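1. here is the input, now give the coordinates:
(chains A and B, ligands or ions: 6)
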Amino acid sequence: MKENIVSVNNLSVSFDYQENFLSKKQKIKAVNNINIKIKKGSFFGLVGESGSGKTTLGRAILGANKISSGNVIFHDDDRDFDLTTITSKEMKEYRKKAQLIFQDPYAALSPRMTVRDIIAEPLEVMKITTSREETDERVRDIAAKCRLNLEHLRRFPHAFSGGQRQRISIARALVSNPKFIVADESVAALDVSIQADILNLLKQLQQELNLTYLFISHDLSVVAHVCDIVAVMYLGHIVEMAPSRELFSNPRHSYTKALLSSIPSVDPENKSKAIELQGEIPSAMNPPSGCVFRTRCPNPTHDCKEGNIEMGLKEVSPNHWVDQCCVNCA
Amino acid sequence: MTHLLEINNLDVKFDTDEGRITAIDNVSLTLDQGKVLGIVGESGSGKSVTAKSIMQLNPGNTIYNDNAEIIIDDENVLKFTSKNDLKKIRGGKVSMIFQEPMASFAPAIKIGSQMVEQLMIHKPLDKNKAKNISIDMLNRVGIADAEKRFNQYAFELSGGMRQRAMIAMALSTMPKLLLADEPTTALDVTIQAQVINLIKDIIKEFNMGVIFITHDLGVIAQVADDVAVMYLGSVVERGPVNEILKNPKHPYTRGLLNALPDINNLDAPLTPIPGNIPSPLERPTGCVFRTRCPNPTHDCREGNIEMALIEISPGHWVDKCCINCG
Ligand SMILES: Nc1ncnc2c1ncn2[C@@H]1O[C@H](COP(=O)(O)OP(=O)(O)OP(=O)(O)O)[C@@H](O)[C@H]1O
Ligand SMILES: Nc1ncnc2c1ncn2[C@@H]1O[C@H](COP(=O)(O)OP(=O)(O)O)[C@@H](O)[C@H]1O
Ligand code: SF4
Ligand code: SF4
Ligand SMILES: [Mg+2]
Ligand SMILES: [Mg+2]
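-> Ligands and ions are numbered 1, 2, ... in the order given. Okay, the predicted model is just below:
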């Protein structure tokens, strides 16, 4: 059996951007030379501020964003899918294996379809089932696994609470029996109690259905609780990656340290001060040269401009990877 | 001692197509100068409606009860009807900031013009003075190039900067009371940390009282002096933040804490509160929480229990029916 389900090799994704039709076309490098391997059965976390490139990376792995350079390989049991060279015929096959769960359960569900039709749609579009009976059986099966009440299937989504709607979109993503799921901010819009319920459900489904997740979130406490490995993204780069506990107890990169220190502790007596970062994440249109983080780094150890430093992940202890320019940053 | 703000026995009902719903049921709260009162609770628990009541910002279908009082400077502001009176609580003594700063700024008017206009409504200032105060305020909330920003539109600023500009506008009239409704919810943790520090500095500098609404108990722990926990329109527990978070008595408060992923305790399971929040049209009688209470100590319907907060230790109030719950 193959160890990894996804390999991302030197992946870059750029967008053309033009302010108006007179101005010059510019390139936005949303994902910049990324290397990650996602182990089969893992709950892989991807964190970083908004605009860091998380969604773009997730979409590129799903084949929903054009790859500018590098490649993404999906390792199925019996064959590999190379997303750089994938044909539209192979893409149809790949869609069954890799699916997305959206952030916003409100926007994602069509108000005019019944819950049954919403969950069944992928089966019909991908022509997975051949009869209505077969479709219904699979819908009922996955609905039950997602703890949806069978009588809910006849209703319309507006009648449901946020948690129930998120279970509907999970059921829809899982109905084609995929092996790999990108969950992009899937609990961000939910109250804590519903969030706990959905996170537990994702965990349980992972066991039951042998799923691998790429779990994208800006909430570090959530990621710390559910993920077994975490990659930290900043301005298109992965600056650090490690098993979850190792990352949270022993962060090495200045950005990771600042991010972790910003999580407000629920203990009122623990008023540990956040390492305050100056300003905001720079525009991906003009990223800093050298260390991408240098415009906000609280205490640069040296002059971290281009020429002075070398970027790229380096393994500092087993499975703990840090941008090599910052292995020993303060 | 008189409080900066005193809310007594507030009920808020809304007339809707589906009937009259109870959004707030018998809420009483106090806030002192220089203090932050956090309000937490799930979506729909009545946090925003409570805050909006203070400025009478709830819409036309709102019904307040006759004996409700919201007292600021010895006046029951709920009885205000004249334009002049309302001005005192809308941008005068009271200002409000929101989750989405675009809600505070008109998209087609420059930030500076809006700040100046706002100021001149509330203070007897000429345009020049108002401009100086506005720019000074933008500076004080940490906006670099304040003069340049003054002449820009809200959409030209980044998210964090917009949040700062909104805070600057809210503060420029020197309110005694700031209502902050989820001001950091849409922000990244790093920017959230900046805004929290900013709000803390402001409180010290201006000696205001703040109501800080959030559903994030971590944020509450870091900013609030006191906290009120709301469920389905009722305050079920309130008190000093340390006491409420470390020694919660009400099963709902405990439920919220048990559902929360705590970064310092990664082995703790995430335990959801069972069931769903009932629709406000089907508000339970008796204990509001009884349809979701994990282990009700007894049959907590109307008639069997008495609802009302009682003080169990200095400043710590909890629903009387539930002093010894689960
Ligand atoms: N104008 C209105 N007409 C009818 N119902 C309303 C109106 N405004 C609020 N409500 C209802 O009052 C209740 C309390 O709403 P409120 O906005 O205060 O909740 P909240 O605690 O602020 O929630 P959130 O965390 O989602 O902001 C909800 O059931 C809401 O649907
Ligand atoms: N279709 C697009 N066209 C132009 N720029 C884009 C597009 N999608 C994303 N970007 C830019 O790429 C960067 C990364 O975005 P995104 O992947 O959405 O980040 P995240 O999910 O981490 O918030 C941002 O600067 C964003 O504005
Ligand atoms: S390389 Fe330099 S600028 Fe970058 S994080 Fe390390 S110390 Fe800071
Ligand atoms: S034990 Fe009864 S009174 Fe106490 S919270 Fe539960 S249902 Fe309410
Ligand atoms: Mg995104
Ligand atoms: Mg609200």
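
2. number of residues surrounding residue A:287?
-> 18 (other Cβ atoms under 10 Å in any protein chain shown). Just so you know, the C-beta spots here come from the backbone N, C-alpha and C atoms, and that holds for glycine as well.

3. next, give phi and psi for it.
-> For residue A:287, the backbone dihedrals (degrees, to the nearest 10) come out as phi -70, psi 150.

4. list the contacts of it.
-> Counting by Cβ atoms under 8 Å, 6 or more residues apart in numbering or on different chains, residue A:287 touches A:29, A:32, A:235-236.

5. which pair of these spans the longest distance?
-> Maximum pairwise distance among the contacts of residue A:287 (Cβ to Cβ): 8.8 Å, between A:29 and A:235.

6. if I look at residue A:167, how far off is residue A:143?
-> Separation of residue A:167 from residue A:143 (Cβ to Cβ, to the nearest Å): 8 Å.

7. just give me the residue right at the centre of chain B.
-> residue B:213 (3.5 Å; Cα atoms, centre = their mean).

8. surely that one meets residue B:45?
-> No. With contact defined as Cβ atoms under 8 Å, residue B:213 does not count as touching residue B:45 (10.1 Å).

9. ok so, going back, just the ones of the contacts of residue A:287 in strands?
-> A:29, A:32 (DSSP state E).

10. what about residue B:174, helix or strand, and which?
-> Under DSSP states H and E, no helix or strand contains residue B:174.

11. kindly report the same for residue A:36.
-> Using DSSP H and E, residue A:36 sits within strand A:26-39.

12. packing partners of the helix or strand just after that strand?
-> Next in sequence after strand A:26-39, counting helices and strands by DSSP H and E, comes strand A:43-47. Identification of packing neighbours for strand A:43-47 by 3 or more Cβ pairs under 8 Å, 6 or more residues apart in numbering or on different chains; DSSP states H and E yields helix A:54-61, strand A:212-216, helix A:220-226, strand A:229-234.

13. give me the phi and psi for the residue nearest to the centre of chain B.
-> According to degrees, to the nearest 10, residue B:213 has phi -100, psi 130.

14. try the one 10 residues further on
-> Backbone torsions of residue B:223, given as degrees, to the nearest 10, read phi -110, psi -30.

15. tell me which residues touch the closest residue to residue A:301 other than its chain neighbours, please.
-> In space, and not counting its chain neighbours, residue A:301 is closest to residue A:329: 5.5 Å by Cβ to Cβ, 6 or more residues apart in numbering or on different chains. Each residue near residue A:329 by Cβ under 8 Å, 6+ apart is listed here: A:252-254, A:297, A:300-301.

16. quick revisit: which of the helices and strands packed on strand A:43-47 sits closest to residue B:284?
-> Here helix A:220-226 is closest among the helices and strands packed on strand A:43-47 (Cβ to Cβ), at 30.3 Å.

17. identify all contacting residues around the closest one.
-> A:43, A:45, A:47, A:187, A:195, A:199, A:202-203, A:215, A:217, A:230, A:244, A:248, A:259-260, A:263, B:189, B:218, B:260-263, B:266, B:270.

18. are any of the residues you listed buried, and if so which?
-> A:43, A:45, A:47, A:187, A:195, A:199, A:202-203, A:215, A:217, A:230, A:244, A:248, A:259-260, A:263, B:189, B:218, B:260-263, B:270 (16 or more other Cβ atoms under 10 Å in any protein chain shown).

19. now, the residues you listed that are in helices?
-> A:195, A:199, A:202-203, A:244, A:248, A:259-260, B:189, B:218 (DSSP state H).

20. pLDDT check: weakest of those residues?
-> Ranked by pLDDT, these bottom out at residue B:189 (90).

21. who has more neighbours, residue A:29 and residue A:235?
-> residue A:235 (24 against 19).

22. test my guess that that one contacts residue A:50.
-> No. Between residue A:235 and residue A:50 no contact is recorded; they are 11.6 Å apart, counting by Cβ under 8 Å.

23. so who does whichever residue of the stretch 51-200 of chain A sits closest to ligand 1 touch?
-> Relative to ligand 1, the nearest point of the stretch 51-200 of chain A is residue A:191 (7.5 Å; Cβ to the nearest ligand atom). By Cβ under 8 Å, 6+ apart, residue A:191 lies in contact with A:162, B:42-43, B:215.

24. where do the helices sit along the stretch 1-150 of chain A?
-> A:54-61, A:88-97, A:105-108, A:115-125, A:132-145 (DSSP state H, counting those that start in this stretch).

25. touching chain B at all, the fourth one?
-> No. Using Cβ under 8 Å from any Cβ of the partner chain, helix A:115-125 stays clear of chain B, with a minimum separation of 16.0 Å.

26. now that helix against helix A:88-97, angle please.
-> 150 degrees (axes from the mean of the first three to the mean of the last three Cα atoms, to 10 degrees).

27. check the last one too.
-> Between the axes of helix A:132-145 and helix A:88-97, defined by the same axes, to 10 degrees, the angle is 40 degrees.

28. what strand or helix carries residue A:206?
-> Going by DSSP H and E, residue A:206 is in helix A:192-209.

29. what's that helix packed up against?
-> helix A:132-145, helix A:162-174, strand A:212-216, helix A:220-226, helix B:251-259.

30. so where does residue B:310 fall, helix or strand?
-> strand B:309-313.

31. near ligand 3, which residues of the stretch 201-330 of chain A? Just list them.
-> Listed as neighbours of ligand 3 in the stretch 201-330 of chain A under the rule Cβ under 6 Å from any ligand atom: A:254, A:291, A:293-294, A:297, A:300-301, A:304, A:309, A:325-326, A:329.

32. shared neighbours of residue A:29 and residue A:235, anything?
-> Common contact partners of residue A:29 and residue A:235 (Cβ under 8 Å, 6+ apart): A:284, A:287.

33. now the phi/psi pair for the residue lying farthest from the centre of chain A, please.
-> Distance from the C-alpha centroid of chain A peaks at residue A:22, with 35.3 Å (Cα atoms, centre = their mean). The phi/psi pair for residue A:22 (degrees, to the nearest 10) reads phi -90, psi -30.

34. residues in contact with it?
-> Neighbours of residue A:22 in contact, by Cβ under 8 Å, 6+ apart: none.

35. got it, and residue B:121?
-> B:87, B:91.

36. which SSE is it in?
-> Going by DSSP H and E, residue B:121 is part of helix B:111-122.

37. got the contact list for residue A:38?
-> Residue A:38 makes contact with A:4-8, A:44, A:180, A:212, A:214 under the criterion Cβ under 8 Å, 6+ apart.

38. could I get the phi/psi values of residue B:74?
-> Per degrees, to the nearest 10, the backbone of residue B:74 is at phi 60, psi 10.

39. who touches it in this structure?
-> Counted by Cβ under 8 Å, 6+ apart, residue B:74 has contacts residue B:2.

40. do you know how far it is from ligand 4?
-> As judged by Cβ to the nearest ligand atom, to the nearest Å, residue B:74 and ligand 4 stand 36 Å apart.

41. spell out which parts of the stretch 51-200 of chain A neighbour ligand 2.
-> A:51-56.

42. out of those residues, who's nearest ligand 4?
-> Among those, and counting by Cβ to the nearest ligand atom, the member closest to ligand 4 is residue A:54, at 39.8 Å.

43. pLDDT at the closest residue in space to that closest one that isn't next to it in sequence, what is it?
-> What sits nearest to residue A:54 in space, not counting adjacent residues and going by Cβ to Cβ, 6+ apart, is residue A:216, at 4.7 Å. Among the per-residue scores, residue A:216 shows a pLDDT of 96.
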